[in-house]
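Engineer: missing the sequence, but the structure's below:
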């Protein structure tokens, strides 16, 4: 039984390379997550366990793709930034896209019980994903601004909505009350009715989560003065290391490396964001300072 | 904080509809499964638990996509056939492709412990996927012939290889012994050295698995005289039903339906393969008879 | 001065093959032809010189592409049907599309003076083009039906409009008179006001022009009982030959061919529409009979 | 006869927008021009009439597309640079590509007799075209460097080849003599055997032709100290104007504009290369200075 007579069907696979030297953003989205959240009794407006699990899945994606140098997550979605010079899988769109969706999904299910120890997973969740290309750094920054502004808008709305609901207001009534209100109105509502100052809520909820790698040669990562930093539980420890742990991998402390350096006195290669420990930040990524300014490699 | 200044980034999403009225085959492939099989001590050459789990994941994909009317699996890959008139998700390629990869992956991890009760999952597996379009029925049939011939070739080779290995032959030596041999040589080797008649091995291994839906109006599905039929364990019972169980849904036995029929005497719509219980067959899909001839809706 | 450092820019050319085994229709459209017709004082509603010139340009396209087996033209547009097994230019979409547009344009300008001997070309006209793929014969037939129905609708409208204009009615008034009318109303208008029976107008105007090749082995081409056939002037004689002229190329009359045939008695290859003289028909291509039924190779 | 039943075929046209905010280069290439040059007895190695005609056709393309801000031509090819913010035709790839090919072809044939008054056009020539996208200015510059280095390499080779041929050397022999030689060898050959200093040959041949628009508000265009400038004959005068002619359109000299300025004192919009007279340069476009440095709008 020879297969040669049928192999022509392979020729119907049309090549789908991503345009060279463009930034690729791969966005993963939860499918039917309203139902999924309800079925698993997610806390409202934010369930830290669920957000931590999203972050865990995102870290797994970054671990598999060194060329993915940044990720941003909120609610049931995560966006991954791939370096413009990435050549992984010959830049095949379908291959990259489906692999990211699969890794994310796989880790979400695999680590579920760790983040929801008392809530069995009732059915397997699904995520879809898409790849969007951006030719220049400006668009990449605007993309992430778009997502973070969205985080803010949604979180402020949800904080109000669920404060009302927990206060006994019906869903229909709560929706009606918030209809047409602006940010100021919502802040005022929270403050006057619930004595909540929105600004004091955790940055985790207000700003979403940003994953980046840090230069292992630095004892201290880029400034995090304006950021809050939460560490998602990572039992394997494989992809996450807090900056302070990365001291031992400083080139200076490695005898083999030191030897070579003495001989060649070569300038060390600048950090490119493709290796090193991953950290999770909850910081402003709309403004230039300090996030983007301190990480020029993200948009190189 | 308005988002309107950033929303333009959405316009970079290029539409990617599949060509109308063409058959789409979505093929899911295990990523780095040699390592995965080894880490989880899969039985060689075929691990029924692993194949059953693949079938379980494939059934979940069909359950989500009524337009997927057939699937064929072997080893760590599965191919799904989508009707040419499918309009799901506006036929968006990335959306369909990533969703299939995600559902498959999610179910594989979710149901792992059911099929491998004594083997904990050590790390989450990954699958990638691609969509290939075929304009006519001939190519679709040739595609599935290509995969089933591949199943045969691989299984015959692996059966020989692992018979030798279990007999104490080293991997290098076994590979060398099989190099350049034809099917006849391999059959002869199995018979003379191991008293194994390859033809008597389970069709499950020799022919792979075919998933199709059966017409719930029939008490008996299409002829399965040449097929062996294994039922993957399905605790939820949601997508699988053996044909004999589907008796109660016969139109004739449903009073409401009967009433309508009396009034309108309309001819029943022909079965289109989009609903009804899913069965798993291990049958020849290369020949016209009986598989394709009995299921004209697959290539409509 | 070496070029190697710059050659990487070639890698940005993304492959764009047409899906294998699908019919391609390339449609050429005149750009800003209202202005062009006016500038060159085309006769209204139909200028035979202009239609003949369009046909001449279309024949040149077919002459260059044996895989283009049929063409249909009306007004300032022409549609070309490429066989589904065509492999010309590696099926590269941009290459095929731009070449067709260029050949058409080039011949239109080149032959202008022959068809408009008394009207100098004032400025060079432009045509754009696009490629549309169809997976099955049904869609190809429906495509050409779509264009021919369009021919009919436009021609009936234009015949009425220009009859009114030539009768002294203003453009605005004529448009207003025809607004909302159906075919019957327009036929009635022509008959009662202008004593014109629309059915008696030339098929050339009512049905557009169809270009196909005829089997050179036949003394008589497919039945043209329902068709009118006009021959565009072709001074070079390179691509057009009326069927009766093709007698000398009958295999039977060629001694060399006869000899071979006696030896081998091979069945002659069926005609595939890729060679042979091109004829221009003004016939119905909506109905199966006789056009499509007599030319099965068009949809093979 | 309604057309609605057939209109569904329109839905098979897949949208093909160019990625937003990327530079598009459209390259037009002569098809089978070796034969065409021979048939029309082009002078070798360079026929100024033919190059002038190419430039004329290129100017027509720029005249139609304000967003095409630069073009570079050599031999039988021409490359057009479209601004990254162009929105013409909804950035549809096929429409832009085929229109450029058609305009170029149309003008080539239309103006033929003006540039070749004594050589009748024997048959209509064809050009194909393709669109290549570049995400950043660097690649655009490298693209044009690639083409201009190619011009140099070809011209040096052809100058030697035809010097030998005109000297009585056969084609085969000339090819053999030049095989494996470097630039230095070729320069030496020209100098020692033919007393030709390659550097003294016209820049038109050595550097190809560059078309750009000049700011009509300037009495003098950007520095052309290193460039030679030839003006292609342009009987209509519609698109070309030598810089000195554009004086009258200086804002300061236009009373209406002056009035407005007095009121608003607005800063004038910077020149964007989309309007103004087109000039033809034969200058270095590989180095930054002065070509690119003086025209920052080309890569904006």
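Structural biologist: That came through fine. These figures come from a predicted structure and were not determined experimentally.

Engineer: in stretch A:27-41, which residues are buried?
Structural biologist: When burial is assessed from 16 or more other CB atoms under 10 Å in any protein chain shown, stretch A:27-41 yields the following buried residues: A:27, A:28, A:29, A:30, A:31, A:33, A:36, A:37, A:40. Where C-beta positions appear, they are placed from N, C-alpha and C, glycine not excepted.

Engineer: mind listing which of these are in strands?
Structural biologist: Using DSSP state E, A:27, A:28, A:29, A:30, A:31 are the members of the buried residues of stretch A:27-41 that sit in strands.

Engineer: any idea how far the third one lies from residue A:162?
Structural biologist: To tie it back to what came earlier, the one meant is residue A:29. 22 Å (CB to CB, to the nearest Å).

Engineer: can you check the second one too?
Structural biologist: Applying CB to CB, the value for residue A:28 to residue A:162 is 25 Å.

Engineer: and the strands in chain A, which stretches?
Structural biologist: A:23-31, A:68-74, A:77-82, A:126-134, A:209-213, A:278-281.

Engineer: among those strands, which comes closest to chain D?
Structural biologist: Closest approach to chain D among the strands of chain A (CB to the nearest CB): strand A:126-134, 6.1 Å.

Engineer: and the closest one, is it in reach of chain C?
Structural biologist: No. Strand A:126-134 stays clear of chain C (CB under 8 Å from any CB of the partner chain), getting no nearer than 11.6 Å.

Engineer: enumerate every residue touching the one residue in the stretch 151-300 of chain A that gets nearest to chain C.
Structural biologist: Residue of the stretch 151-300 of chain A nearest chain C, by CB to the nearest CB: residue A:300 (17.6 Å). Contact analysis of residue A:300 by CB atoms under 8 Å, 6 or more residues apart in numbering or on different chains lists A:83, A:84, A:272.

Engineer: and which of the residues you listed is nearest chain D?
Structural biologist: Once CB to the nearest CB is applied, the member of the contacts of residue A:300 that ends up nearest chain D is residue A:84, at 7.6 Å.

Engineer: just give me the neighbour total for that closest one.
Structural biologist: 23 (other CB atoms under 10 Å in any protein chain shown).

Engineer: residues from chain A in reach of chain D?
Structural biologist: A:19, A:21, A:22, A:84, A:133, A:135, A:136, A:139.

Engineer: would you list every one of the helices in the stretch 51-200 of chain A?
Structural biologist: Under the criterion DSSP state H, counting those that start in this stretch, the stretch 51-200 of chain A contains helices at A:93-115, A:137-166, A:171-178, A:183-194.

Engineer: for these, which one ends up most surrounded?
Structural biologist: Among the helices of the stretch 51-200 of chain A, the stretch with the highest mean neighbour count (mean count of other CB atoms under 10 Å in any protein chain shown) is helix A:93-115, at a mean of 25.

Engineer: pull the number of nearby residues for the closest residue in space to residue A:91 that isn't next to it in sequence.
Structural biologist: Sequence neighbours aside, residue A:18 is the residue nearest to residue A:91 in space, at 4.3 Å (criterion: CB to CB, 6 or more residues apart in numbering or on different chains). The tally of other residues near residue A:18 (other CB under 10 Å) stands at 21.

Engineer: same question for the one 3 residues further on.
Structural biologist: When neighbours are defined as other CB under 10 Å, residue A:21 has 18 of them.

Engineer: quick check, it in contact with residue A:84.
Structural biologist: Yes. Using CB atoms under 8 Å, residue A:21 is in contact with residue A:84, at 5.1 Å.

Engineer: which neighbours do the two share?
Structural biologist: With CB under 8 Å, 6+ apart as the test, residue A:21 and residue A:84 both reach residue D:135.

Engineer: still on that earlier bit, tell me the one among the contacts of residue A:300 nearest to residue C:149.
Structural biologist: residue A:84 (49.3 Å; CB to CB).

Engineer: any idea how far the closest one is from chain C?
Structural biologist: Between residue A:84 and chain C the distance, using CB to the nearest CB, to the nearest Å, works out to 13 Å.

Engineer: is it possible to export the helices of the stretch 51-200 of chain A to JSON lines including distance to residue B:50 and mean pLDDT?
Structural biologist: Below are those laid out as JSON lines (distance: least, CB to CB, whole Å; pLDDT from 0 to 100):
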{"stretch": "helix A:93-115", "distance to residue B:50": "16", "mean pLDDT": "98"}
{"stretch": "helix A:137-166", "distance to residue B:50": "39", "mean pLDDT": "97"}
{"stretch": "helix A:171-178", "distance to residue B:50": "45", "mean pLDDT": "96"}
{"stretch": "helix A:183-194", "distance to residue B:50": "52", "mean pLDDT": "96"}
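
Engineer: and for residue A:13, the neighbour number?
Structural biologist: 16.

Engineer: cool, the one 3 residues further on as well?
Structural biologist: Other residues within reach of residue A:16 by the criterion other CB under 10 Å amount to 21.

Engineer: which residues touch it?
Structural biologist: Residue A:16 neighbours (CB under 8 Å, 6+ apart): A:92, A:93, A:94.

Engineer: kindly report the same for residue A:21.
Structural biologist: A:84, A:85, C:12, D:135, D:136, D:139.

Engineer: could you do residue A:177 as well?
Structural biologist: A:164, A:169, A:189 are the contacts of residue A:177 under CB under 8 Å, 6+ apart.

Engineer: let's go with 10 Å and repeat that
Structural biologist: By CB atoms under 10 Å, 6 or more residues apart in numbering or on different chains, the contact set of residue A:177 is A:160, A:161, A:164, A:169, A:185, A:189.

Engineer: nearest to residue C:278 among those residues?
Structural biologist: Using CB to CB, residue A:161 is the member of the contacts of residue A:177 that lies nearest residue C:278, at 70.7 Å.

Engineer: could you find the closest non-adjacent residue to the residue in chain A positioned nearest to chain C?
Structural biologist: Ranked by CB to the nearest CB, the top residue of chain A for proximity to chain C is residue A:15, at 5.0 Å. The shortest distance from residue A:15 to any non-neighbouring residue, by CB to CB, 6+ apart, is to residue C:15 (5.0 Å).

Engineer: do residue A:6 as well
Structural biologist: Nearest residue to residue A:6, sequence neighbours excluded (CB to CB, 6+ apart): residue B:146, at 3.6 Å.

Engineer: double-check that neighbour against residue B:134; I have them as touching.
Structural biologist: No. Using CB atoms under 10 Å, residue B:146 is not in contact with residue B:134, being 11.5 Å away.

Engineer: shared neighbours of those two, which are they?
Structural biologist: Common neighbours of residue B:146 and residue B:134 (CB under 10 Å, 6+ apart) are residue A:9.

Engineer: which one of the helices of the stretch 51-200 of chain A lies nearest to residue C:287?
Structural biologist: Comparing the helices of the stretch 51-200 of chain A by CB to CB, helix A:93-115 comes nearest, at 42.6 Å.

Engineer: would you pull up how far that closest one lies from the middle of the chain?
Structural biologist: Chain-centre distance of helix A:93-115: 13 Å, with CA atoms, centre = their mean, to the nearest Å.

Engineer: quick check: mean pLDDT of stretch A:277-284?
Structural biologist: Mean pLDDT, computed over stretch A:277-284, is 96.

Engineer: which positions within it qualify as buried?
Structural biologist: Buried residues in stretch A:277-284 (16+ other CB under 10 Å): A:277, A:278, A:279, A:280, A:281, A:282, A:283, A:284.

Engineer: beta partners for the fourth one?
Structural biologist: On the basis of DSSP bridges, residue A:280 is bridged to residue A:211.

Engineer: and it, how far is that from chain B?
Structural biologist: From residue A:280 to chain B the distance is 19 Å (CB to the nearest CB).

Engineer: skipping adjacent residues, who's closest to residue A:50 in space?
Structural biologist: Closest to residue A:50 by CB to CB, 6+ apart is residue A:42, at 5.4 Å.

Engineer: and the one you found, backbone torsions?
Structural biologist: Taking degrees, to the nearest 10, you get phi -60, psi 140 for the backbone angles of residue A:42.
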